[in-house]
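Undergrad: Here is a sequence with its predicted model. Questions after.
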Amino acid sequence: MLKLHHFFFANVVGLFMATMIVSSVISYYTLKSFVISENTKQLEQSIALMQMQPYHMSDLDRIAANTEAAIQERVTFIAEDGTVEADSSSDKFIMENHAHRYEIMQARRDGLGIDIRYSTTTHIHYLYVAKKILVDDQVIYLRLATPLNTIMSNFYTLWSRLIVIFIIFIIIGLAAAYQMSKRVRYDIEQIVKYLDEISNKNYKAVLKTQYFKEFLHIALNLKDLAKKLATRDKQKRKYTAKLRLVNKQRNDILSAISHEFKNPLASIMGYADTLLDDPNVNPKIRVRFLDKILSNARKISYMIDRLALSVKLENNDLQVHPMTFNIADLIQDVILNLSTKYRDREIHFNGEDCVVTADKDMLDNVLTNLVDNALKYSDEDVTISLIDSKLMVTDRGMGISESEIDKVASKFYRVHKNTWDNSMGLGLAIVSYILKLHDSELIIESKVGEGSHFGFSLKNMIKAA
């Protein structure tokens with residue numbers, strides 16, 4: 001199969017050669033006709049000049065001989081009945097009757113006759129021109145003849161020069177076609193290279209066509225296509241990354257559930273097996289074991305509830321039910337509830353009354369998580385402060401390193417991964433989701449060995465109030 005530039009070159013050359021051949025044939029016959037026509041005119045002009053001189057029948061032989069010597073043309077005088085009266089090239093007595101020669105018959109009818117034919121007398125092809133004249137009051141036909149080979153010699157000389165010109169034009173045409181084909185090949189190669197780059201996902205490759213507007217339009221369309229492919233490829237990478245993240249999160253969920261549920265389930269199974277193996281176990285021990293089983297079952301239920309809550313918050317399945325209340329009262333309720341759980345710990349509150357409009361149950365969850373974390377990861381007292389519309393929970397625990405501060409609010413992430421505290425790393429993630437629903441965000445300030453500050457701004461909630 002031919003390449004485009006080969007096809008283009010072959011077609012251009014073929015069309016050019018066909019044009020030159022047709023032109024050559026047409027010019028050949030046109031030029032030949034022109035040369036014969038010019039020689040005919042010259043013979044007619046010679047006859048017109050000869051006709052101006054007075055002639056006598058007795059002088060015809062001399063006049064024929066002298067005229068041929070002067071103009072290098074064969075001269076013949078023919079009588080009305082076709083008898084040859086004089087001829088400059090042959091013996092008139094042996095020449096045939098010319099009454100039925102075409103040029104004589106035409107001259108008899110029209111006054112002037114022209115013919116090209118073979119002479120049986122001289123055995124040469126001639127161009128004949130005959131004209132009717134009067135000599136001594138007799139009708140005589142004056143005929144001039146030029147050998148056809150002389151005419152054709154002049155024609156071939158002129159034609160050979162024209163052929164040389166045609167050949168020069170052919171060479172120029174071939175060179176021009178080759179250069180054009182070369183330019184077509186260059187533009188095509190640029191497009192092919194660009195397509196190769198696109199196939200290798202190099203969408204920033206440069207495409208420059210230099211010679212043809214059609215290829216320029218193709219190049220512009222290809223660039224638009226490359227932009228679309230780049231955008232689509234980028235979207236594909238994002239989608240792939242999202243799928244990987246979803247898979248990772250799913251694996252994290254399964255891993256966290258498996259890890260976090262293992263300890264309470266193991267405890268439940270251990271206590272239950274002990275009770276089944278020894279039906280006569282001491283009643284006090286039975287009650288204590290059953291209490292452990294119930295406690296671990298509640299822990300599992302609590303973890304399931306928190307997991308379900310985080311999923312609902314992440315999928316925006318929970319609606320905010322705002323109400324106006326004093327957040328200081330809510331803080332006191334949280335302190336009271338957690339004091340029951342942590343009987344040997346102190347929780348201090350510094351602040352004044354502050355009325356907000358928010359979902360009270362959700363903020364209760366936020367405060368409980370923040371204070372519970374502070375108590376869980378420190379051994380000192382915990383302080384809750386409400387200053388300048390900012391609520392902060394402060395502990396004097398081990399603190400968090402800078403590298404982990406951005407991670408602690410992620411799902412299933414815990415600073416102490418080797419200790420089980422039935423949280424599954426969901427507490428701060430839930431806090432972040434709830435605060436976003438209230439146009440706020442979690443604030444974390446911490447230094448290793450000094451403690452941590454967890455809190456959020458109440459400005460948007462106070463404005464709503």
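TA: The structure has been received and is ready for your questions. Fair warning: this is a prediction, and the values are worked out from it, not measured in the lab.

Undergrad: Would you map the strands across the stretch 251-400 of the chain?
TA: Applying DSSP state E, counting those that start in this stretch to the stretch 251-400 of the chain gives strands spanning 323-326, 347-351, 355-358, 382-387, 390-395.

Undergrad: Relative to residue 461, which of these is closest?
TA: strand 355-358 (3.9 Å; Cβ to Cβ). Where you see a C-beta, it was placed from the backbone N, CA and C, and this is true even at glycine.

Undergrad: List of residues touching the closest one?
TA: 320, 322-327, 363, 438, 458, 461-462, 464-465 (Cβ atoms under 8 Å, 6 or more residues apart in numbering).

Undergrad: List the strands paired with that strand, with their directions.
TA: strand 323-326 (antiparallel) (DSSP bridges).

Undergrad: model confidence over the partner strand, on average?
TA: Regarding strand 323-326, the rounded mean pLDDT is 92.

Undergrad: now it, how far from the centre of its chain.
TA: Computed by Cα atoms, centre = their mean, to the nearest Å, the separation of strand 323-326 from the middle of its chain amounts to 60 Å.

Undergrad: which residue packs closest to residue 437, ignoring adjacent ones?
TA: residue 320 (5.3 Å; Cβ to Cβ, 6 or more residues apart in numbering).

Undergrad: so what are the domain limits for the protein?
TA: Domains of the chain are assigned by automatic domain parsing as 23-154, 212-318, 320-464.

Undergrad: any chance of these in TSV, plus mean neighbour count and distance to residue 198?
TA: Below are the domains of the chain laid out as TSV (neighbours: other Cβ atoms under 10 Å; distance: least, Cβ to Cβ, whole Å):
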stretch	mean neighbour count	distance to residue 198
domain 23-154	16	46
domain 212-318	13	5
domain 320-464	17	38
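
Undergrad: and those, which one's lowest on average pLDDT?
TA: For the domains of the chain, where the average pLDDT is lowest is domain 212-318, sitting at a mean of 77.

Undergrad: and that one, how far out from the chain's middle?
TA: The answer for domain 212-318 is 42 Å, by Cα atoms, centre = their mean.

Undergrad: Residue 63 touches residue 86, doesn't it?
TA: Yes. Counting by Cβ atoms under 8 Å, residue 86 is a contact partner of residue 63 at 7.3 Å.

Undergrad: joint contacts of the two?
TA: Contacts common to residue 63 and residue 86, judged by Cβ under 8 Å, 6+ apart, are 75, 77.

Undergrad: Setting aside sequence neighbours, what's the nearest residue to residue 456?
TA: Closest to residue 456 by Cβ to Cβ, 6+ apart is residue 440, at 4.8 Å.

Undergrad: gap between the helix or strand hosting residue 184 and the chain center?
TA: Element membership for residue 184 (DSSP states H and E) is helix 148-199. Chain-centre distance of helix 148-199: 34 Å, with Cα atoms, centre = their mean.

Undergrad: Give me the contacts around whichever strand or helix holds residue 76.
TA: In the assignment (DSSP H and E), residue 76 maps to strand 74-79. Residues outside strand 74-79 that contact it (Cβ under 8 Å, 6+ apart): 60, 63-65, 67-68, 84-89, 98, 104, 122, 126, 130, 135, 138-147.

Undergrad: so of the residues you listed, which ones are in strands?
TA: Of the positions in these, 84-87, 126, 130, 135, 138-147 sit in strands, assigned by DSSP state E.

Undergrad: Which residues are in contact with residue 364?
TA: So residue 364 contacts 330, 333-334 (Cβ under 8 Å, 6+ apart).

Undergrad: Kindly report the same for residue 80.
TA: 108, 138-141 are the contacts of residue 80 under Cβ under 8 Å, 6+ apart.

Undergrad: Kindly report the same for residue 140.
TA: So residue 140 contacts 55, 60, 77-80, 85, 132-134 (Cβ under 8 Å, 6+ apart).

Undergrad: at 10 Å what do you get?
TA: 55, 57, 60, 77-80, 85-86, 131-134 (Cβ atoms under 10 Å, 6 or more residues apart in numbering).

Undergrad: For it, which residues count as its bridge partners?
TA: Going by DSSP bridges, residue 140 forms beta bridges with residue 79, residue 133.

Undergrad: helix/strand/coil for the closest residue to residue 400 other than its chain neighbours?
TA: Counting by Cβ to Cβ, 6+ apart, residue 446 is the residue found nearest to residue 400 once chain neighbours are left out, at 4.1 Å. Three-state call for residue 446 (DSSP: H, G, I helix; E, B strand; the rest coil): strand.

Undergrad: Perfect, I'm done here.
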